[in-house]
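Enquirer: Sequence plus predicted model, see below.
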Amino acid sequence: MLKKIPFLFFFLFLSSGAFAQSSKKEAIAAIKQLKEGALFIRLKTSQNLINAYTGQGKTEAAEKVRAEQAAENLEIMRAFARNFDFCPVYFFYSDNSEKIRQGIYKGSLFYALDNPADFSGQGTYLIGEFGESENGKIEGFIFKDKDSKPLRSPFPFMVRLNKGGVMERSKAEIAALASKELHSFYNEVTTKSKNK
C-alpha cells in the first residue's frame, strides 16, 4: 500500500495539469467564440412566484412582482445596450431558455427594449445572466456556455455584484466591467498566439 502512495500523488499531479490545460483551451475557444458571435442575456420572469401569488388570489402581490421584475429587466437591457461593446448582445426571457438551447431564435431573441432580433450567427453565442455562483455564495453576472453550464477560469466567467464586499455595483457598472474584462482577456489570448 505504501508503495502505491507516490504513484497516486504523481497521477493526481498529472491529472491536475491536464485539467488546467483543458480549462485554458476551453477558455480560449470560448473568448474567440464570443468575439465572433454574440452574448445572449437571460432575463428572469419570476413567473413561478407570480403564478403562486395568483393561485392564492394575491393579485396585488403578483402584479408587484411582475412590475419589479420588468423594471429590473429594463435596467439590465439599458445597461448592456449602453455599456457593453465586446460583441453584439441579444436578450431572451427565461421561459424561452429551452427554445434558445434548441436553436429556435425567431420570436425568442430580441434587442434591448423588446425589439425583435434576427440572429444569424449560426449558433455562435454564450449566455450571460445575473445570479449566484454554483456554490450559492457569490452574486453577480455569470457567463455560461450554450448548455447554461458556467464557464471556468481563466475565462473571466463572473463579475461580482459587490465591490469590496460592501458596496453593490450598478447594472451599468457590471456591464462595463464585463466588457473591459473580456477585452483584456481577448487581447491577452490573441497577443500570445501572435507571438508564437
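Expert: Ah, there it is.
Enquirer: residues near Ala61, how many?
Expert: 15 (other C-beta atoms under 10 Å). From N, CA and C alone the C-beta is placed, and that goes for glycine too.
Enquirer: doesn't Tyr53 make contact with it?
Expert: Yes. Counting by C-beta atoms under 8 Å, Ala61 does reach Tyr53; the two are 4.4 Å apart.
Enquirer: So which residues of this protein form helices?
Expert: Secondary structure of the chain (DSSP state H): helices located at 4-36, 47-55, 59-83, 97-101, 171-195.
Enquirer: quick one: low-confidence parts of this structure?
Expert: 1-22, 114, 121-123, 165, 193-196 (pLDDT under 70).
Enquirer: tell me which residues of the longest strand along it are tucked away?
Expert: Counting residues, the longest strand found in the chain (DSSP state E) is strand 125-132. Residues of strand 125-132 classed as buried by neighbour count (16 or more other C-beta atoms under 10 Å): 125-131.
Enquirer: Likewise for stretch 64-79?
Expert: 65-66, 69, 73, 76-77, 79.
Enquirer: First-to-last residue distance for stretch 51-64?
Expert: Stretch 51-64 has its terminal residues 12 Å apart, counting by C-alpha to C-alpha, to the nearest Å.
Enquirer: can you give me the offset of that stretch from its chain's centre?
Expert: Remark: stretch 51-64 is offset 30 Å from the chain centroid, using C-alpha atoms, centre = their mean, to the nearest Å.
Enquirer: returning to that earlier point: mind checking the helices of the chain for the one nearest to Asn135?
Expert: With respect to Asn135, and counting by C-beta to C-beta, the nearest of the helices of the chain is helix 4-36 at 17.7 Å.
Enquirer: ok, back up a step: ok, the buried residues of strand 125-132 vs Lys137, which is closest?
Expert: Scanning the buried residues of strand 125-132 for proximity to Lys137, where the rule is C-beta to C-beta, the winner is Gly131, at 12.1 Å.
Enquirer: List the contacts of the closest one.
Expert: Each residue near Gly131 by C-beta atoms under 8 Å, 6 or more residues apart in numbering is listed here: 139-140, 142.
Enquirer: Include distance to Lys171 and neighbour count when you put the residues you listed into JSON lines, please.
Expert: Below are these laid out as JSON lines (distance: C-beta to C-beta, whole Å; neighbours: other C-beta atoms under 10 Å):
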{"residue": "Glu139", "distance to Lys171": "12", "neighbour count": "15"}
{"residue": "Gly140", "distance to Lys171": "11", "neighbour count": "19"}
{"residue": "Ile142", "distance to Lys171": "14", "neighbour count": "21"}
